[in-house]
Every structure is written in structure tokens, then in C-alpha cells.
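K.L.:
Pasting a predicted model and its sequence here:
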Amino acid sequence: MKTMSGSDLLRELLPVCEGEVNRHLAMSKEWHPHDYVPWDQGRNFAALGGIDWDPTQSRLDETAKAAMFTNLLTEDNLPSYHRVIAENFTLDDAWGHWVGRWTAEENKHSVVMRDYLVVTRGVDPVALEEARMIHMTQGFNPMPADDGNRDRSSDMLFAVAYVTFQELATRVSHRNTGKACGDPIADRMLARVAADENLHMLFYRNIVAGALDLTPDQTIKAIALVLAMFQMPGASMPGFRGNAVLIAKAGIYDLPQHLHEVVEPVLRKWNIFDRNDFGPEGERTRDELAVFLDDLQGKVDRFERSRARMLAREEQAAS
């Protein structure tokens with residue numbers, strides 16, 4: 001099957017994009033970050049005659065703090081994600097409208113989460129700001145490295161497939177973080193953020209569905225590459241590895257959830273393993289994807305056994 005350029009894909013998928021933008025605008029609900037922050041808990045820090053942060057002021061346990069810290073820094077890196085989307089879409093017509101709308105909506109997430117954490121003194125604001133500076137300066141780019149020989153015609157497909165999985169993963173992480181905080185205000189706030197992420201995921205997922213109908217072999221190749229390379233957008237932030245261990249141990253976001261709540265549902269929605277419109281190359285890619293998923297299930301099984309042993313040891317040590 002013929003490989004389509006990024007500009008050809010954007011042109012052919014424009015009717016899908018227009019429909020998805022209209023659906024999103026009809027489904028999205030207006031909300032304001034200031035309505036989700038308990039301002040009456042706020043007080044000045046030392047620079048204004050108050051008291052600076054110390055760990056005893058936080059009502060969050062270590063797991064909730066790690067999850068909130070990681071999720072906020074992930075949201076902070078919006079300029080990096082905007083660059084990837086803007087470079088691989090276009091700022092014209094419905095594509096451009098979506099880029100602007102999506103960016104504006106995503107920006108609310110970092111605003112409301114930071115306001116909540118600073119007002120409630122949930123995490124160290126100095127450490128948070130220092131990590132934000134490092135993370136945003138470094139940036140994050142999920143695209144495959146360009147060694148000079150890479151065919152860039154499928155970059156648009158890679159970008160839109162990546163954000164499909166990433167938006168859903170973020171939704172799961174935010175929702176579970178809200179529950180882990182043990183605070184109804186945080187739970188309500190992150191449920192609102194997660195609802196946004198779900199609508200964003202639907203937009204990208206449906207664009208990929210349109211691409212699968214248009215150029216199935218090219219699209220499944222991008223999907224398979226995304227899954228093989230996938231990492232969360234916070235992977236490069238300071239302290240990510242240690243925080244990720246706490247987050248996974250608590251079941252906020254772990255490998256089983258990645259497979260069963262993110263990867264598999266999206267692949268089912270795209271009907272990947274029941275489609276009959278792939279050519280020879282697409283069929284080979286699908287076979288490779290099936291092997292990849294089997295291997296990932298094996299990793300999930302090993303992870304769950306390892307976590308069960310670790311939790312049993314901790315329970316025994318505490319008794």
C-alpha cells in the first residue's frame with residue numbers, strides 16, 4: 001500500500017478532525033481552576049512574613065506526594081507537547097483550532113494542581129520549582145530519534161498514536177492519585193482533570209481510527225512503534241524512577257494498568273486484531289504486535305508476583 005506524506009494525511013483526515021473538534025466542543029464542560037482550590041487553607045511563606053514549608057505541614061503520605069509531584073511536573077511540560085503536536089499537525093483550519101484549544105485546556109491542569117499543592121502545603125514548593133525548571137528546560141520529545149535516514153512521512157501518525165495512549169495513561173494516573181490523596185478536595189480536582197484527559201484521548205483515538213481506514217499498513221506500523229518505544233512523558237524528570245516505584249507499588253499507575261487499562265482497550269477500539277484491510281506489510285506488523293503484547297503480559301505477570309512478595313514481606317515485618 002502507498003505511504004502517505006504528513007501533509008496528505010492532514011488533508012485527507014481534515015473531515016475527521018472537523019467532526020472531532022465539534023464533538024469535543026459539544027461534550028467538554030467549562031470549569032475554572034480557582035473553584036477547586038481550598039484558598040482558606042493558604043498562608044504566607046517567610047518572604048512575606050510567614051512560615052516556610054516543612055514536611056510536617058503536608059497531609060499527604062509519601063506515595064500521594066510522589067504521585068502529585070510527578071503528575072504536576074508532567075503537566076508543566078506542556079510547551080514540549082505543544083511543540084510536538086504543532087510541528088506534526090498544522091496551525092491552519094480545524095487542526096490549528098484543536099492545537100490551540102487542547103493547549104489551553106491542558107494548561108488548566110498544571111494551574112489547578114500547583115495552586116492546590118502550594119495552598120495546602122502538600123509538597124515542598126522550592127523542590128517543586130527547582131524540578132520544574134530542570135524538567136521544562138530539558139523538555140520531552142516522544143518522537144523517534146532522527147538519524148538522518150528516518151522516513152518522516154509517518155511522524156504525524158506516530159505523534160497522534162502516542163498521545164492517544166499517553167492521554168489515557170494520564171487519565172488513569174490522575175484518577176488514582178486523587179483517590180490516594182485521602183482528601184475529597186484533591187479527589188474532586190483530579191477527577192475533573194481526568195475527565196479532560198479522557199476527552200482529549202477520544203479526539204486522538206478517533207483520528208487514528210480514521211487513519212487506519214485511510215492507510216492501514218502505515219498506521220499500524222506507527223502504532224506498533226509507539227508501543228515498543230512508549231515511555232511516560234515524565235520519564236526524564238528529576239526523581240522519576242524513585243517516584244515511579246512508589247506509584248507502581250501503590251497501584252496508581254503500574255505495568256498491569258498500562259497493559260489492561262490503556263493498551264488493550266485502545267487496540268480493541270481500533271479493531272486491530274479483527275481487521276481484514278491490512279496488506280502483507282500490515283499483517284507482518286500485526287503479527288509482531290501480537291508477539292509484543294504476549295511478551296508484555298509476561299512482564300506483567302512477573303511484576304505482579306514481585307509486588308505480591310514485596311508486600312507480603314512488608315506486612316510480615318510490620319506484624
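P.N.:
Alright, I've got the coordinates.
K.L.:
And the pLDDT for the residue of the chain positioned farthest from its centre?
P.N.:
Largest separation from the mean C-alpha position in the chain: Gly49, at 38.6 Å (CA atoms, centre = their mean). If you check Gly49, the pLDDT there is 96.
K.L.:
now it: how far from Gly42?
P.N.:
To Gly42, Gly49 is 14 Å away according to CB to CB, to the nearest Å. No exception for glycine: its C-beta is placed from N, CA and C like everyone else's.
K.L.:
same thing with Leu246?
P.N.:
From Leu246 to Gly42 the distance is 27 Å (CB to CB).
K.L.:
Between the two, point out the one with more neighbours.
P.N.:
Shown here are Leu246 and Gly42; by other CB atoms under 10 Å, Leu246 has more neighbours (17 against 13).
K.L.:
Quick check: which element contains that one?
P.N.:
Element membership for Leu246, per DSSP states H and E: helix 240-249.
K.L.:
Tell me the helix or strand right after that helix.
P.N.:
Downstream of helix 240-249, the first helix or strand assigned by DSSP H and E is helix 255-257.
K.L.:
hey, C-alpha coordinates of the next helix or strand after that next one in PDB?
P.N.:
Sequence-wise, the next helix or strand downstream of helix 255-257 (DSSP H and E) is helix 264-269. Presented in PDB, the C-alpha positions along helix 264-269 are these (Å, rounded to 0.1, in the frame of the first residue of the first chain):
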ATOM      1  CA  GLU A 264      -5.600  -3.300  25.200                       C
ATOM      2  CA  PRO A 265      -8.800  -1.200  25.300                       C
ATOM      3  CA  VAL A 266      -7.400   1.200  22.700                       C
ATOM      4  CA  LEU A 267      -6.300  -1.700  20.400                       C
ATOM      5  CA  ARG A 268      -9.800  -3.300  20.800                       C
ATOM      6  CA  LYS A 269     -11.400   0.000  19.900                       C
END
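K.L.:
low-scoring pLDDT stretches of the stretch 51-200 of the chain, where are they?
P.N.:
146-153 (pLDDT under 70).
K.L.:
Report the buried residues of the one helix or strand Ala64 maps to.
P.N.:
Assigned by DSSP H and E, Ala64 falls within helix 62-76. If you call a residue buried by 16 or more other CB atoms under 10 Å, then helix 62-76 has these buried ones: 63-76.
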